[in-house]
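**Q** Could you work out the structure for the sequence below:
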Amino acid sequence: MELDADDIFRDDEDYAESQRSLLEDESTKEYVVYLVDASPKMFNTICPAQEHQNLQTYFHIAISCISQTLKTQIISRSYDQVAICFFNTREKKNLQGLNSVFVFTVPEREFLDRPTARLIKEFDQLEESFSKHIGSQHGIVSDTRENSLYNAIWAAQALLRKGSAKTVDKRILLFTNDDDPFGSIKGAAKSDMIRMTLQRAKDAQDLGISIELLPLSCSDEVFKVSQFYADLIGLQGDDLVDFIPAAGNKLEDMKDQLRKRMFTKRIVKRLKFTIVNGISIELNSYALIRHTVPGAITWLDSVTNCPLKNERTFICADTGALVEEPTRRFLPYKNQNITFLMKQLSEVKRVSTGHLHLLGFKPMSCLRDYYNLKPSTFLYPSDEGTDSSMCIFIALHRSMIQLNRFAVAFSGSSSRPQLVALIAQEEVVQSGSQIEPPGMHMIYLPYSDDIRLVEERYSDTSGMVTKASSDQIKRAADLIKRVDLKDFSVCQFTNPALQRHYAVLQALALEENDIPEMKDETLPDEEGLARPGVVRALEEFKTSVYGDNYDEENEQGIGKPTEASKKRKANAEFATKECEQYDWGELADTGKLKDLTVVELKYYLTAHNLPLTGKKEALISRILSDMGK
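**A** Numbering: from 1, shown residues only. Below is the predicted model of the structure:
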């Protein structure tokens, strides 16, 4: 039996870490029950007096919000589970057999489960057949003691019974346009029903279930939250005043959600920070901003459509019998097999324990911006540590801020040990709310060969580098000030390639004919760049660098091609020639792109000026997106 050398020295700790992260993703789920009022009042038209508005019902708004949320949730939080429950209905369908409560689901799916394509497809068509198959009625009337809202909260609480409140966030989202559900009842009967309903809501909240109200009303109507629902969800004071505007914004966000992966703020790794021998601090590390890529391709069975599971089996080359995974591994070297025990391999690969070891401190002026080659990690003391551990961290944190120092430590897994810089961050509080938490940022410092000198790239044959004059620097600074974005944030822009990727996946899963057009927010602002001040600053910069007689069109293509440019041009011509030998449309339709090698896939990408980075699954996804498949 021969093994691949790469497989022999594969880092088992990295694999275990990825599996641990996957389990943590599953343990930080969210369970949501959408409670939708289905009384006849919900089927009234919104603001019928305003002719310029679309004639939509309150029920349609609730359905469209939930539908859009389900479509986004499959991408953003695929491990979350949802249930859709209607109350004030003619038919009943729930675990307790309660009247006027109907839980909507599809075959092969539990009441509370992860959303599926079939659930979304049938839910989109529910409004047309709702009156026929489910029906609407007033569940709380004066001549009966039936309390449909009480039953709905009870049914939702029963749906959320699974999962621990410590690891699962449980919520009930209530959609209604009736601010007084007990308005038709008078006297002691009304007081009794209100008391029972509020007690049922309190019981659910005591079990870790939060109840959120999404009131539906048009601009000329006032939803009186204080009449009943303020007591149900626990609103008082300033929260009661700010509730309606905040709820309106939340509804708008639900109707126009962005397709993006949401990563829960969770502990990535637990670290032991050793100060000196015998003194250490238990820390938790958190990921901040990370680059998002399309999800990995999952191979499915062609008949059952279930994910395939890879299993590895060892077969003896001499007898053909199945054997267990060997406890020894070998690597061919000079016509002989060098045998290793698993313990020996672990010791050979181990360079660091993966914990932090303090080496010393340096002034903040020694830390350069270009040292930060990849996203940093945020460190905060662990709750599992002792009180002395927290005191040590606080003392170290305060001293680093007061002395304007950063700590240098040794860190890294067994596969990549490296030096890191620990920068203390002060707490930032505005209007009584915490904007930035106290803690430390761990910046991964580069190796010496990770830093490239700019002068080496732009020097001429004699080694001299042409430097800008003071006037050119001033013109460039003026131009930057003109085109500077105010209050810039990376969250202001979406990745158009990812948005199209998710839109194509949604269209395939839901069998939609049209793919919505994605707005590319990364394109230049032509209207903003055409402002007189920007144009004047741009012309002054061009004049200072190139002179008054510079002709941009004639200058293009005059420069002498370098060896690198010649090589790139030759590679592009070769890739274009090779690309013409494949029927890419047929390969995409038959699913045979996965049978091609990475080199063959890059023929298409090079010929169509597409990025070549990423694994094989990413290359295939990029090709399919470019072809509109």
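**Q** Enumerate every residue touching residue 244.
**A** Listed by CB atoms under 8 Å, 6 or more residues apart in numbering, the contact set of residue 244 reads 215, 223, 225. (C-beta placed from N, C-alpha, C; glycine too.)
**Q** switch to 10 Å and redo it
**A** By CB atoms under 10 Å, 6 or more residues apart in numbering, residue 244 lies in contact with 215, 217, 222, 223, 224, 225.
**Q** Filter these down to just the buried residues.
**A** Listed as buried from those are 215, 217, 223, 225; burial here means 16 or more other CB atoms under 10 Å.
**Q** Go through these and flag which are in strands.
**A** Residues of the buried ones among the contacts of residue 244 located in strands (DSSP state E): residue 215.
**Q** Reformat the buried ones among the contacts of residue 244 as JSON lines; add pLDDT.
**A** Output for the buried ones among the contacts of residue 244, formatted as JSON lines (pLDDT from 0 to 100):
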{"residue": "215", "pLDDT": "86"}
{"residue": "217", "pLDDT": "78"}
{"residue": "223", "pLDDT": "80"}
{"residue": "225", "pLDDT": "82"}
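**Q** Now the two most distant members of the buried ones among the contacts of residue 244.
**A** 217 and 225 (10.5 Å; CB to CB).
**Q** any idea of the mean pLDDT for the host helix or strand of residue 506?
**A** Per DSSP states H and E: residue 506 is located in helix 496-510. Taken as a whole, helix 496-510 has a mean pLDDT of 81.
**Q** just checking, next helix/strand downstream of it?
**A** Next element after helix 496-510 (DSSP H and E): helix 526-529.
**Q** any idea how far that next one is from the chain center?
**A** On the basis of CA atoms, centre = their mean, to the nearest Å, helix 526-529 sits 31 Å off its chain's mean C-alpha point.
**Q** What helices and strands are in contact with it?
**A** helix 532-546 (3 or more CB pairs under 10 Å, 6 or more residues apart in numbering; DSSP states H and E).
**Q** Run through the neighbouring helices and strands of the helix it packs on.
**A** Under the contact criterion of 3+ CB pairs under 10 Å, 6+ apart, helix 532-546 touches helix 470-482, helix 526-529, helix 552-555.
**Q** For residue 188, find the nearest of those helices.
**A** helix 526-529 (65.8 Å).
**Q** Contacts for the closest one next, please.
**A** The contact list for helix 526-529 (CB under 10 Å, 6+ apart) reads 482, 483, 485, 534, 535, 538.
**Q** Let me know the average pLDDT across it.
**A** Here the average pLDDT along helix 526-529 is 84.
**Q** do stretch 481-493 as well
**A** The average pLDDT within stretch 481-493 is 78.
**Q** again with stretch 122-132
**A** 88.
**Q** same question, stretch 589-607
**A** Stretch 589-607 comes out at a mean pLDDT of 85.
**Q** go on, stretch 179-195?
**A** 83.
**Q** and that stretch, how far from the chain's centre?
**A** So, by CA atoms, centre = their mean, the centroid of stretch 179-195 is 44 Å from its chain's centroid.
**Q** With stretch 521-540 instead?
**A** Counting by CA atoms, centre = their mean, stretch 521-540 comes out at 33 Å from the chain centroid.
**Q** Ok, stretch 83-96 next?
**A** With CA atoms, centre = their mean, you get 32 Å for stretch 83-96.
**Q** where does the stretch 51-200 of the chain have low pLDDT?
**A** Scanning the stretch 51-200 of the chain with the threshold set as pLDDT under 70 gives 51-54, 142-144.
**Q** and if we set it to 80?
**A** 51-55, 74-79, 139-146, 163-167, 183-184, 187 (pLDDT under 80).
**Q** Which parts of it are helices?
**A** 58-76, 117-124, 126-133, 148-159, 187-206 (DSSP state H, counting those that start in this stretch).
**Q** any idea which of these is most buried?
**A** Greatest average neighbour count among these goes to helix 148-159 (a mean of 25), per mean count of other CB atoms under 10 Å.
**Q** Which strands and helices lie in contact with that helix?
**A** Contacting helix 148-159 under the criterion 3+ CB pairs under 10 Å, 6+ apart are the following elements: strand 29-37, strand 81-87, strand 101-104, strand 168-176, helix 187-206, strand 209-215.
**Q** Show me which positions of the last one end up buried.
**A** In terms of neighbour count (16+ other CB under 10 Å), strand 209-215 has its buried residues at 209, 211, 213, 214, 215.
**Q** Tell me the one among the residues you listed nearest to residue 468.
**A** residue 214 (56.9 Å).
**Q** Does the closest one touch residue 252 like I think?
**A** No: with contact defined as CB atoms under 10 Å, residue 214 does not reach residue 252; the gap is 11.1 Å.
**Q** Could you name every residue contacting both of the two?
**A** Here residue 214 and residue 252 have residue 65 as joint contacts, going by CB under 10 Å, 6+ apart.
**Q** three-state assignment of residue 280?
**A** strand (DSSP: H, G, I helix; E, B strand; the rest coil).
**Q** Check residue 380 too.
**A** Residue 380 ends up strand, using three-state DSSP.
**Q** could you list every residue that touches the residue nearest to it when sequence neighbours are not counted?
**A** Nearest non-adjacent residue to residue 380, counting by CB to CB, 6 or more residues apart in numbering: residue 439, 4.5 Å away. Residue 439 makes contact with 283-284, 286, 378-381, 393, 397, 422-427 under the criterion CB under 10 Å, 6+ apart.
**Q** ok, those vs residue 122, which is closest?
**A** Distances from residue 122 to the contacts of residue 439, taken by CB to CB, are shortest for residue 286, at 39.1 Å.
**Q** Next step: the buried ones among the contacts of residue 244 restricted to helices.
**A** Among these, the subset assigned to helices under DSSP state H is empty.
**Q** List the contacts of residue 161.
**A** Contacts of residue 161 by CB under 10 Å, 6+ apart are 31, 95, 112, 170, 207, 209.
**Q** Same question for residue 39.
**A** Taking CB under 10 Å, 6+ apart as the test, what residue 39 contacts is 58-59, 86-89, 100, 136-140, 148, 176-178, 181.
**Q** If I look at it, what pLDDT would I see?
**A** So, for residue 39, pLDDT stands at 90.
**Q** Give me the phi and psi for it.
**A** phi -70, psi 160 (degrees, to the nearest 10).
**Q** can you check residue 332 too?
**A** phi -60, psi 130.
**Q** Show me the beta-bridge partners of it.
**A** When bridges are taken as DSSP bridges, the partners of residue 332 come out as residue 337.
**Q** What is the neighbour count of it?
**A** The local packing of residue 332 (other CB atoms under 10 Å) involves 11 other residues.
**Q** Tell me how far it lies from residue 339.
**A** 11 Å (CB to CB, to the nearest Å).
**Q** What's the separation between the residue nearest to residue 380 and residue 361?
**A** 17 Å.
**Q** low-confidence ranges in the stretch 201-350 of the chain?
**A** Ranges of the stretch 201-350 of the chain meeting pLDDT under 80: 217-222, 235-268, 278, 288-297, 305, 312, 314, 323-329, 342-343, 345-350.
**Q** Strands of that one, residue ranges please.
**A** Using DSSP state E, counting those that start in this stretch, the strands assigned to the stretch 201-350 of the chain run over residues 209-215, 267-276, 279-287, 314-315, 322-323, 328-333, 336-341.
**Q** repeat for the stretch 351-500 of the chain
**A** 356-363, 377-381, 405-412, 417-425, 428-430, 433-436, 439-444.
**Q** Make JSON lines out of these and add distance to residue 508 and mean pLDDT.
**A** Formatted as JSON lines, the strands of the stretch 351-500 of the chain follow (distance: least, CB to CB, whole Å; pLDDT from 0 to 100):
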{"stretch": "strand 356-363", "distance to residue 508": "46", "mean pLDDT": "91"}
{"stretch": "strand 377-381", "distance to residue 508": "36", "mean pLDDT": "89"}
{"stretch": "strand 405-412", "distance to residue 508": "41", "mean pLDDT": "88"}
{"stretch": "strand 417-425", "distance to residue 508": "42", "mean pLDDT": "90"}
{"stretch": "strand 428-430", "distance to residue 508": "45", "mean pLDDT": "83"}
{"stretch": "strand 433-436", "distance to residue 508": "41", "mean pLDDT": "80"}
{"stretch": "strand 439-444", "distance to residue 508": "39", "mean pLDDT": "91"}
